[in-house]
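Asker: please find the sequence and the predicted model below.
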Amino acid sequence: MSDLIFNSQSASFLEWFRTWPGATFHPNIQIEDLRKKGAGRGIVATADIPEDTVLFTIPRTAIINTQTSELPKRIPQVFETTGLEDTDNEADEDGDESSGPPDNWVSLILIMIYEYLQGDKSHWKPYFDVLPNQFETLMWWSDKELSELQASSIVSKIGKEEADGMFRSRVLPVVYEHADIFYPEGSEKLSEDQLMLLAHRMGSTIMAYAFDLENDDEEADPENEDEWVEDKEGTLMMGMVPMADILNADAEFNAHVNHGEDSLTVTTLRPIPAGSEILNYYGPLGNGELLRRYGYVTKNHTRYDVTELSWELVLSVLKETIKLDDASWGKAAGELDLEEIEDAFVIERDAGEPDSTGELREEASFKELPADLLEQIYTILKAIRKVSPTTIPDKNVRDEITLLAIHHALEMRLAQYPTSQAYDFDLVSNDKVSGRQKMAVVVRWGEKALLQEALNFTHEKLQKVKSKSSQESEPYAKRQRTK
């Protein structure tokens, strides 16, 4: 898109936004073209702005949701309830579910499709003109592009097949059945492929731009009023919020969206110098999740990177570490409640939260192994001790086996990535990659760095346990070699 068209659409959108009763837009901010920074549109301060300044106000009537769109009024039988019990605000894994009213997610997709198809007849046409029609979220990556993520756990969370199933079972049938409502008179109907593409486009738009709207009737929680929470945490109603979604976001930010009874206001959290971008906050997300949901990565979000360690991998290492025959392992496994067994464990840092001004004050560091992982290993070791008491005679041996297994499992997990941390760092720091490939390398590099920190932490703990064991008895590993 040319700069002229891009900027013309931005100007038309701002003019349209100002026509809504109750809307405000501060004179010292402007919408800017940030495509050269890979950020699309953004809002930038044109002069110094003090703390606690209202930058803009969005009347609730301007928000696209089930209360403002005409669609629920035109086909009320489809929107019998708002599906507010579905609070994850993402496509259901059971994509073939087709009965019952649409949930929060499906409701907004149907409304967005309807409003888009109305064209100039929609109240929100200038808003749709500035919404993206191309996305960097993982849903839109090719298999080759996804392969650049290597062994990242985020690949398994994309959910394209589940989304396809949901669209075919819960979105397309509604559009087909009520085609006279969805398509303006005289307009050409979309083919199935075109409608699926539009459903994916609207789904990705909602994923990246929609806000959870607080219930006006809910009382504020005084214990949590000073805590920063993720905007998309699964509260009662989803909506597309014009202007608020022009804001880009980072782990360090300078503005906050406040939910009022009749409007939403965006307010500065600290003084903002002229030329600075106004930034919102999406929550403590690692770059993998940030890329999956929103289609970008940032340096500040690296502190929140996570990866997963599978129980299958840990168990295989445990079997290697503890030399028991299959019969004994079978007896020990029989003692476990399979319904209580976790399949995977999240490896993450103690990353801290932004303060009340949106700034990060604490250093992120790896401080502990997952409690649920330790508990699950202890559970199976307890079962093994029942079968073979001499294998695990005391707590020191238990702890040594546990840390040996976790350390080896972390090494194996790191080895699942075909390139090294140093290789990836060189690619990114020396600008040898760009675009989607660069974002993928940032994600995988961050996960490898995290795994290395976890390895270092585990090694240090293991050495302490071994030192303690050597003072009391022979270390476990040595006893295993002499058996």
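Answerer: Received the coordinates, thanks. Residues are numbered from 1 along each chain as shown.
Asker: quick one: low-confidence parts of the protein?
Answerer: The model of the chain has pLDDT under 70 over residues 81-101, 215-236, 471-483.
Asker: strands of that one, start to end?
Answerer: Secondary structure of the chain (DSSP state E): strands located at 24-25, 29-33, 41-45, 54-59, 211-213, 237-239, 248-249, 255-259, 263-268, 279-280, 306-310, 344-348.
Asker: which residues touch the first one?
Answerer: Outside of strand 24-25, the residues within contact range by CB atoms under 8 Å, 6 or more residues apart in numbering are 14, 17, 18, 54, 55, 56, 57, 243. (Glycine included, C-beta is placed from N, CA and C.)
Asker: picking that back up, so which of the strands of the chain is nearest residue 131?
Answerer: Closest to residue 131 of the strands of the chain, according to CB to CB: strand 41-45, at 10.1 Å.
Asker: for the closest one, packing partners?
Answerer: With contacts taken as 3 or more CB pairs under 8 Å, 6 or more residues apart in numbering; DSSP states H and E, strand 41-45 sits against strand 29-33.
Asker: quick check on the contacts of strand 24-25: which are buried?
Answerer: The neighbour-count test (16 or more other CB atoms under 10 Å) marks 14, 17, 55, 56, 57, 243 as buried among these.
Asker: out of the residues you listed, which is nearest to residue 31?
Answerer: For the buried ones among the contacts of strand 24-25, the minimum distance to residue 31 (CB to CB) is 6.0 Å, reached by residue 14.
Asker: ok, now how distant is the closest one from residue 24?
Answerer: Distance, residue 14 to residue 24, by CB to CB, to the nearest Å: 12 Å.
Asker: try residue 451
Answerer: From residue 451 across to residue 24, the span is 48 Å (CB to CB).
Asker: have a look at those two and say which one is more surrounded.
Answerer: Between residue 451 and residue 24, residue 451 has the larger neighbour count (other CB atoms under 10 Å), namely 24 against 17.
Asker: so which residue is dead centre in this protein?
Answerer: Nearest to the mean C-alpha position of the chain, by CA atoms, centre = their mean, lies residue 289 at 3.7 Å.
Asker: isn't it right next to residue 152, touching?
Answerer: No - assessed by CB atoms under 8 Å, residue 289 is found out of contact with residue 152, at 10.6 Å.
Asker: please point out which parts of the longest helix seen in the chain sit buried.
Answerer: Counting by DSSP state H, the longest helix found in the chain is helix 435-472. In terms of neighbour count (16+ other CB under 10 Å), helix 435-472 has its buried residues at 436, 438-451, 453-455, 457-458, 461-462, 465-466, 469.
Asker: likewise stretch 382-398?
Answerer: Applying 16+ other CB under 10 Å to stretch 382-398 flags 383, 384, 385, 387, 391, 392, 396, 397, 398 as buried.
Asker: ok, which pair from these is furthest apart?
Answerer: Across the buried residues of stretch 382-398, the longest distance by CB to CB is 19.7 Å; it joins 387 and 396.
Asker: what residues are up against residue 186?
Answerer: Not one residue lies near residue 186 by CB under 8 Å, 6+ apart.
Asker: my bad, should have said residue 55
Answerer: Neighbours of residue 55 in contact, by CB under 8 Å, 6+ apart: 25, 26, 29, 43, 49, 255, 266, 267, 268, 278.
Asker: tally up the residues packed near the closest residue in space to the fifth one that isn't next to it in sequence, please.
Answerer: The shortest distance from residue 49 to any residue other than its chain neighbours is 4.5 Å, reached at residue 272 (CB to CB, 6 or more residues apart in numbering). The number of residues packed around residue 272, counting by other CB under 10 Å, is 24.
Asker: likewise for residue 311?
Answerer: Counted with other CB under 10 Å, the neighbours of residue 311 add up to 18.
Asker: isn't it up against residue 376?
Answerer: Yes - using CB under 8 Å, residue 311 is in contact with residue 376, at 6.9 Å.
Asker: returning to what we had before: and which of the contacts of residue 55 is nearest to residue 196?
Answerer: Distance to residue 196, by CB to CB, is smallest for residue 43 among those, at 33.1 Å.
Asker: ok, and the closest non-adjacent residue to the residue nearest to the centre of the chain?
Answerer: Closest residue in space to residue 289, ignoring its immediate chain neighbours: residue 154 at 6.7 Å, by CB to CB, 6+ apart.
Asker: so who does the one you found touch?
Answerer: Residues near residue 154 by CB under 8 Å, 6+ apart: 138, 288, 289, 291, 292, 443.
Asker: residue 123 versus that one, what's the distance?
Answerer: From residue 154 to residue 123 the distance is 37 Å (CB to CB).
Asker: for the closest residue to residue 210 other than its chain neighbours, which residues make a bridge with it?
Answerer: Nearest residue to residue 210 in three dimensions, chain neighbours excluded: residue 238, at 4.9 Å (CB to CB, 6+ apart). Assessed by DSSP bridges, residue 238 has beta-bridge partners residue 212.
Asker: what about residue 238, distance to residue 122?
Answerer: Distance, residue 238 to residue 122, using CB to CB: 18 Å.
Asker: again with residue 429
Answerer: Distance, residue 429 to residue 122, by CB to CB: 46 Å.
Asker: again with residue 316
Answerer: From residue 316 over to residue 122 (counting by CB to CB), the distance is 56 Å.
Asker: more neighbours: these two, which one.
Answerer: Comparing residue 316 with residue 122 by other CB under 10 Å, the one with more neighbours is residue 122, at 18 against 15.
Asker: burial of the nearest residue to that one once chain neighbours are set aside, as a residue count?
Answerer: Spatially, and ignoring its direct neighbours in sequence, residue 122 is nearest to residue 115 (4.5 Å; CB to CB, 6+ apart). For residue 115, the count of nearby residues is 23 (other CB under 10 Å).
Asker: these two touch, right, residue 115 and residue 72?
Answerer: No - look at residue 115 against residue 72 with CB under 8 Å: they stay out of range, at 11.9 Å.
Asker: picking up where we left off before, surely the residue nearest to residue 210 touches residue 105?
Answerer: Yes - distance between residue 238 and residue 105: 7.1 Å, which falls inside the contact criterion (CB under 8 Å).
Asker: more neighbours: which of those two?
Answerer: Just comparing residue 238 and residue 105: by other CB under 10 Å the higher neighbour count belongs to residue 238, 26 against 23.
Asker: how long is stretch 19-30 end to end?
Answerer: The separation between the terminal residues of stretch 19-30, taken as CA to CA, to the nearest Å, is 17 Å.
Asker: next, the buried residues of that stretch.
Answerer: Under the neighbour-count criterion of 16+ other CB under 10 Å, stretch 19-30 has 20, 23, 24, 25, 26, 29 buried.
Asker: how about stretch 177-188?
Answerer: For stretch 177-188, burial by neighbour count (16+ other CB under 10 Å) applies to 178, 181, 182, 183.
Asker: returning to that earlier point: mind putting the buried residues of stretch 382-398 into CSV with distance to residue 146?
Answerer: Formatted as CSV, those follow (distance: CB to CB, whole Å):
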residue, distance to residue 146
383, 39
384, 39
385, 43
387, 43
391, 43
392, 42
396, 44
397, 43
398, 40
